[in-house]
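Sequence first, then the predicted structure, then my questions.
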Amino acid sequence: MIHPNKHYLLLVLFIFLVFISFTVTAEFDPKLNAAKHWVNNEFQPSTLTLDEQMQEMAWFTSASQPFSGMKIRVVSERIATHWYEASTLAKAFYEITGIHVVHELTGEDDVIKKLSAQIMTRQNLYDAYINDSDLIGTHFRSNAVVSLSDFMQFEGESVTLPTLDLQDFIGLKFTTGPDGHLYQLPDQQFANLYWYRHDWFNRKDFKKRFKSRYGYELGVPQNWQAYEDIAEFFSEDIKEIDGKRIYGHMDYAKTDPSLGWRMSDAWLSMAGVGDKGLPNGLPVDEWGIRVEGCHPVGASVERGGALNGPAAAYAVDKFIYWLNRFAPEESIHLNFTQAGEWPGKGLIAQQIFWYTAFVADLTKPGLPVVNQDGTPKWRVAPSPVGKYWQTGMKSGYQDAGSWTLLKSTPLKRQQAAWLYAQFVVSKTVSLKKTLVGLTPIRRSDIESEVMTQRAPYLGGLVEFYRSRGRDVWTPTGTNVPDYPGLANYWWQYISRIIEGKVTTQKGMDNFAAAVDERLALIADSKEMSCEPKLNPKSTRDYWLEKAGAPKQAITEQPKGRTLQYEEAIHVWQ
């Protein structure tokens, strides 16, 4: 027989359990309802089914419970992909998880400054950073960056998305250190490719005039001599189309940090400065830095580097010559952002390498470079290479903005930020994000039927990312031990050459010496693994006579070579 008091206690317990159940349901139903709303109304198309998308979102809702109500801060550069994340995906993440994200947008140089400040002060300024994988050589050496390989296995195991599918990411080789650890998770990728007016190149009258003068077909240039011939042809022979002045080349050279990116991302690699090897030349990379083992040993030719070698001087000389002779007069006063607007004006015939982050901007209806049916009048193709380039070298640059966690961030904040990082690259949202920003990171998105349908409207972007080209166009690699410190040297030293304050050779000598000094300065760091160990100085001839980079001067001028577009893009296959 049950005592009456026990009936009362059981009733109270029952009411309490109902209350708890109601509270839990009230807590999670709004989030799951929000997830359903976002999946149905925003996160389409996707490579996942609706049920699979909802399963991923339910996992985020569940895994985020310990962090609900938190506010985290992340920072990234200001491009279309990150605008979408900051304005749309951060809001969706909050409604689905209860974690409020302040996603700050700023300039690329400022992202690096903020990252460096947190590393130096060890104060938690931001909970995660989207910074270029160009810093991988810094990250794996610094002992300040969280190894994601370890994090996902240990402290972050409970907040690591079961369907993250790392093998689906196309850029992991760029964010992995020589130690085999993953230090960054790709969030967006875009490449520097050759850009040209496909419609102009196909005009029969232009093709006839070009062949008559140069002795070969007007087409996609395969080497720098052909690029120069085409630049001369449009700037000095054609001059005007439909009554408007046109130009055979476009670039920018304002004394500004973006001039440094133009060179380091990666002008010298196309000239052929470094050695063979992917994703970066070994032992000498496209920055001209030689490594032995994992230790940088010098950038100057006198120490076995190539930054002031014949190939580097050739690269800078060509940059200046083309800029002054074939580009719009304003070019020398433009920075990266300002110059990015010029191809859309319909006055530029070609650009030797052009950031595909601008694809979205150059496919807008009504532009002079877009047909009435929405297809572009332009195409992207493999960039031409200089006379020092050899098969087996990297062919150009690819940006891989990637999520990075710092050890100075408290664990709980790392975990919450990791949830957001995975959310914005999850399969549920990644295809839609790719269509918005056109900076693909997943193989499954690239190979989707949706991208097949979009391909004719993107001027060759899809063809590039479906090819092996995505592995040959690579970011700065692990030879560079201090990207934040060394990146500024590029524009500071190159600008002096462009302004005529020093000769090209003297300017590159000064540049290489400064890099060597920086390497020596950080060599004594007690917190760096694979630290620099400078080679003793030798004569230039000692190193130039050895095989590989630095390379002996090539005096002969190669004949220009071109291919038609359909043949040119086969290089990517």
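Great, that's in hand. Numbering: from 1, shown residues only.

quick one: contacts for V369?
R197, P343, G344, G346, L362, P376, K377, W378 (CB atoms under 8 Å, 6 or more residues apart in numbering). C-beta here means a position set from N, CA and C on the backbone, and glycine is covered the same way.

which residues of the stretch 51-200 of the chain fall in helices?
80-84, 90-97, 108-121, 136-142, 148-153, 198-201 (DSSP state H, counting those that start in this stretch).

about what we covered before: out of the contacts of V369, who has the most neighbours?
The most crowded member of the contacts of V369, judged by other CB atoms under 10 Å, is W378 (28 neighbours).

any idea how far that one lies from V385?
Using CB to CB, to the nearest Å, we find W378 at a distance of 21 Å from V385.

And P368, by the same measure?
P368 is 30 Å from V385, by CB to CB.

again with R466
Distance, R466 to V385, by CB to CB: 22 Å.

who has more neighbours, these two?
The neighbour comparison of R466 against V385 (other CB under 10 Å) goes to V385, with 21 against 18.

Setting the sequence-adjacent residues aside, check what's closest to that one.
M270 (5.3 Å; CB to CB, 6 or more residues apart in numbering).

can you check K432 too?
In this structure, K432 finds its nearest non-sequential neighbour in F43, 5.4 Å apart by CB to CB, 6+ apart.

What about E104, how many residues nearby?
With other CB under 10 Å as criterion, E104 counts 16.

Look up how far F201 lies from Q222.
14 Å.

Check E228 too.
16 Å.

ok, now Q492?
Remark: distance between Q492 and F201 (CB to CB) = 37 Å.

So for the two, which sits in the more crowded spot?
When Q492 is set against F201 and neighbours are counted by other CB under 10 Å, the residue ahead is F201, at 23 against 15.

What distance do you get for the residue lying closest to that one once chain neighbours are set aside to V385?
Spatial nearest neighbour of F201, excluding adjacent residues (CB to CB, 6+ apart): L218 at 5.7 Å. L218 sits 19 Å away from V385, going by CB to CB.

again with F233
From F233 to V385 the distance is 20 Å (CB to CB).

Sketch out the low-pLDDT regions of the stretch 1-150 of the chain for me.
Where the stretch 1-150 of the chain drops to pLDDT under 70, the residues are 1-28.

how about the strands of it, start to end?
71-77, 100-106, 128-132 (DSSP state E, counting those that start in this stretch).

what angle sits between the helix or strand harbouring R413 and strand 128-132?
Here R413, judged by DSSP states H and E, is contained in helix 411-425. Orientation note: helix 411-425 sits at an angle of 50 degrees relative to strand 128-132 (axes from the mean of the first three to the mean of the last three CA atoms, to 10 degrees).

Extract the CA atoms of helix 411-425 and return them as PDB.
This file holds the C-alpha atoms of helix 411-425, laid out as PDB (Å, rounded to 0.1, in the frame of the first residue of the first chain):
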ATOM      1  CA  LEU A 411      39.400  26.600 -24.400                       C
ATOM      2  CA  LYS A 412      35.700  27.300 -24.200                       C
ATOM      3  CA  ARG A 413      36.000  30.200 -26.600                       C
ATOM      4  CA  GLN A 414      38.100  28.100 -28.900                       C
ATOM      5  CA  GLN A 415      35.400  25.400 -28.900                       C
ATOM      6  CA  ALA A 416      32.600  27.900 -29.600                       C
ATOM      7  CA  ALA A 417      34.500  29.600 -32.400                       C
ATOM      8  CA  TRP A 418      35.300  26.200 -33.900                       C
ATOM      9  CA  LEU A 419      31.600  25.500 -34.100                       C
ATOM     10  CA  TYR A 420      31.100  28.700 -36.100                       C
ATOM     11  CA  ALA A 421      34.000  27.900 -38.300                       C
ATOM     12  CA  GLN A 422      32.600  24.500 -39.200                       C
ATOM     13  CA  PHE A 423      29.100  25.900 -39.700                       C
ATOM     14  CA  VAL A 424      30.200  28.300 -42.400                       C
ATOM     15  CA  VAL A 425      32.100  25.600 -44.300                       C
END
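
just checking, what packs against it?
helix 50-63, strand 71-77, helix 90-97, strand 128-132, strand 185-197, strand 398-404 (3 or more CB pairs under 8 Å, 6 or more residues apart in numbering; DSSP states H and E).

Tabulate those (TSV), appending distance to G460.
Below are the helices and strands packed on helix 411-425 laid out as TSV (distance: least, CB to CB, whole Å):
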stretch	distance to G460
helix 50-63	30
strand 71-77	24
helix 90-97	32
strand 128-132	23
strand 185-197	8
strand 398-404	15
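
Return the most buried member of the ones you listed.
strand 398-404 (a mean of 28; mean count of other CB atoms under 10 Å).

Just list what that one packs against, helices and strands only.
Using 3+ CB pairs under 8 Å, 6+ apart as the contact criterion, the elements in contact with strand 398-404 are strand 128-132, strand 185-197, helix 411-425.
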